[in-house]
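Enquirer: Have a look; sequence and predicted model below, questions after that.
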Amino acid sequence: MLGENLRKALERINSARFLSDETIEESIKDIQRALIASDVDVNLVYNLANEIRALSKKKPPEGLSRKEFIVKNTYELLSALLGGTPIVPEQPKTILLLGLFGQGKTTTAAKLARFYKKRGLSVGLVCADVHRPASYEQLKQLSEAVGVDFFGIKGEKDAKKIVGQAISTMKKKDLVIVDSAGRSALDSELIDEVKDIKDVLKPDQIWLVLSADIGQLAKKQAKAFHDAVGINGIIISKADSSAKAGSTIAACAETKAPVYFVGTGEKPDELELFDAKRYIAKIMGYPDLKGLLEKAAEIELESPEELFEDEFNLDVFYKQLKATMSMGPLDKVAEMLGLKQTLPKEQIEITGEKLKKFKIIMDSMTKQERKRPDIINGSRIKRIAKGSGSTEASVRELLRNYKKMERMFGKIKKIAKTDSLEDVNMEKILKKFSAKKKKKFWR
Ligand SMILES: Nc1nc2c(ncn2[C@@H]2O[C@H](COP(=O)(O)OP(=O)(O)O)[C@@H](O)[C@H]2O)c(=O)[nH]1
Ligand SMILES: [Mg+2]
């Protein structure tokens, strides 16, 4: 339902021949209505509408139409509203699942076991629900269905004891998932029990399972659980059977815990990684949204202000490198501008592969190192090489190229600013050049 209504709102923008302020305002109202109809918190909706409104008053960057600019921003704001793209832990060791009665913990435990088993981990499932006798059988059967080991003690009333024994029985497993008991409310008994389990298990992940139909209440519930025992992830179950899923996710996004997965059915394989961007893209139904986003990303990258930022550092270097690659060799650009003689002789020849490698190396640097590469000494180089899984030689190569680029762009910038070249609009030329060559050099 949310999807359909959002689609209608965007369709209004998309089909408008002339995008008047009225049309934009009507679309914003449509979006508001769509979100409120799916129970999203009114304040969130109000803020979102204001942000879209403010952005629609801005001048779109060169190369993007007003329509495209608004669609792109709406997409980004909606994605942020739903929590963006969290990175699901790849190799969790112990996951403790919490949640009230009937929210979908036991089902989710099996789904997660299957998910991580498929990713190559050996997984064990533990029943620590000591209040519902049926849950032992339920999880045992599910364990068999997904093909993982199960541990439980039938009739045992002490969850601590079960978990303690489970740890030693399953110590060879890469991942142990513990299903706990729920109650109709988060009362002190439930808190005590969870704390007991937590003390014994020392889980690295505590995930809360919330049913999609609780809507805005999700925020309150997640906060209550977090305050009581701490949670670092959320799973939304039953997204298939509730129109409130969007609202529940938006409410969770307000808490600090990311929504990692969404359950979309009763069966163990009905679990999806949650990615707000993909989700929004899917329900927005905008033709070629992907193409638009790629185009927008390239335009942002080519923004002349960024390319010629006064302060030169590794972040700027990376952007320039990417842009230069799309323009073709830098000396060709210089030649076109009649600047060839003035530029240093050094060539910067970098392939797409190398650029990727540089990026990985830069990701291992600290923020300070990227801002002030001159502080990168021998021992830092060693650390960066190790952290990025590359070699010291590669790090040095990156730094050498950085130095060259610093000199070249410094020169171009200086020349572009001198009187003799007053009427040469460097930035425009570079941009034009890059637009022409882009397809060939950089994908
Ligand atoms: N449609 C649907 N049903 C689900 C989903 N997850 C759980 N359920 C159902 O919800 C009910 C309660 O689930 P259960 O795992 O026993 O909840 P628990 O009490 O928290 O352990 C069961 O009937 C499940 O089959 C889901 O993603 N989609
Ligand atoms: Mg259960």
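Expert: Cool, the structure landed. Ligands and ions are numbered 1, 2, ... in the order given.

Enquirer: Quick check: phi and psi at the closest residue to ligand 2 within the stretch 51-200 of the chain.
Expert: In the stretch 51-200 of the chain, no residue comes nearer to ligand 2 than T106, which is 3.3 Å away by C-beta to the ion. Quick note: C-beta positions are derived from backbone N, CA and C, even for glycine. Main-chain dihedrals, T106, degrees, to the nearest 10: phi -60, psi -40.

Enquirer: Am I right that it is in contact with D179?
Expert: Yes - counting by C-beta atoms under 8 Å, D179 is a contact partner of T106 at 5.2 Å.

Enquirer: residue contacts, the residue of the stretch 51-200 of the chain closest to ligand 2?
Expert: D129, S135, Q138, L139, L142, D179 (C-beta atoms under 8 Å, 6 or more residues apart in numbering).

Enquirer: what do you get if the cut-off is 10 Å, keeping everything else the same?
Expert: 97, 99, 125, 127, 129, 132, 134-136, 138-139, 142, 179-180, 182, 209 (C-beta atoms under 10 Å, 6 or more residues apart in numbering).

Enquirer: measure the residue most central in space within the chain to K173 for me?
Expert: For the chain, the residue nearest the mean C-alpha position is T85 (2.3 Å; C-alpha atoms, centre = their mean). Using C-beta to C-beta, to the nearest Å, T85 is found at 29 Å from K173.

Enquirer: coming back round to it: which residues touch the residue nearest to the centre of the chain?
Expert: Going by C-beta under 10 Å, 6+ apart, T85 touches S79, P258, L273, F274, D275, A276, K277, R278, Y279.

Enquirer: And the fifth one, its phi and psi?
Expert: Geometry field for D275 lists phi and psi as phi -140, psi 110, criterion degrees, to the nearest 10.

Enquirer: Dump the contacts of T85 into CSV; add pLDDT as well.
Expert: Output for the contacts of T85, formatted as CSV (pLDDT from 0 to 100):
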residue, pLDDT
S79, 90
P258, 93
L273, 92
F274, 91
D275, 88
A276, 89
K277, 87
R278, 85
Y279, 84
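
Enquirer: Which of these fall within strands?
Expert: Using DSSP state E, the members of the contacts of T85 that fall within strands are L273.

Enquirer: Any residues of the chain in contact with ligand 1? List them.
Expert: Contact residues, the chain versus ligand 1 (C-beta under 6 Å from any ligand atom): 99, 101-107, 182, 237-238, 240-241, 263-266, 270.

Enquirer: Produce a ChimeraX select command limited to the buried residues of these.
Expert: Listed next is the ChimeraX selection for buried residues among the residues of the chain next to ligand 1, using 16 or more other C-beta atoms under 10 Å:
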select :99,103,104,105,106,107,182,237,238,263,264,265,270
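
Enquirer: average pLDDT for stretch 98-106?
Expert: Mean per-residue pLDDT for stretch 98-106: 96.

Enquirer: let me fix that: stretch 81-91
Expert: Here the average pLDDT along stretch 81-91 is 88.

Enquirer: what's the span of it, first residue to last?
Expert: 28 Å (C-alpha to C-alpha, to the nearest Å).

Enquirer: Tell me how far that stretch lies from the chain's centre.
Expert: 5 Å (C-alpha atoms, centre = their mean, to the nearest Å).

Enquirer: Tell me the buried residues in it?
Expert: Buried, per 16+ other C-beta under 10 Å, within stretch 81-91: L81, L82, G83, P86, V88, P89.

Enquirer: Show the contacting residues for the first one.
Expert: Right, the one you point to is L81. Residues near L81 by C-beta under 10 Å, 6+ apart: 35, 40-41, 44-45, 47-48, 51, 246, 249-250, 253-254, 276, 280.

Enquirer: quick one: which helix or strand includes the residue nearest to the centre of the chain?
Expert: Per DSSP states H and E: T85 is located in neither a helix nor a strand.

Enquirer: what's it sitting at in phi/psi?
Expert: Dihedral angles (degrees, to the nearest 10) for T85: phi -120, psi 90.

Enquirer: Tell me the one of the contacts of L81 nearest I214?
Expert: Taking C-beta to C-beta as the measure, I214 lies nearest I249 of the contacts of L81, at 11.1 Å.

Enquirer: tally of neighbours for that closest one?
Expert: The number of residues packed near I249 is 24, by other C-beta atoms under 10 Å.

Enquirer: cool, the one 5 residues further on as well?
Expert: Neighbour count of E254, defined by other C-beta under 10 Å: 16.

Enquirer: now swap in K140 and tell me
Expert: 16.

Enquirer: Phi and psi next, for it.
Expert: For K140, the backbone dihedrals (degrees, to the nearest 10) come out as phi -60, psi -50.
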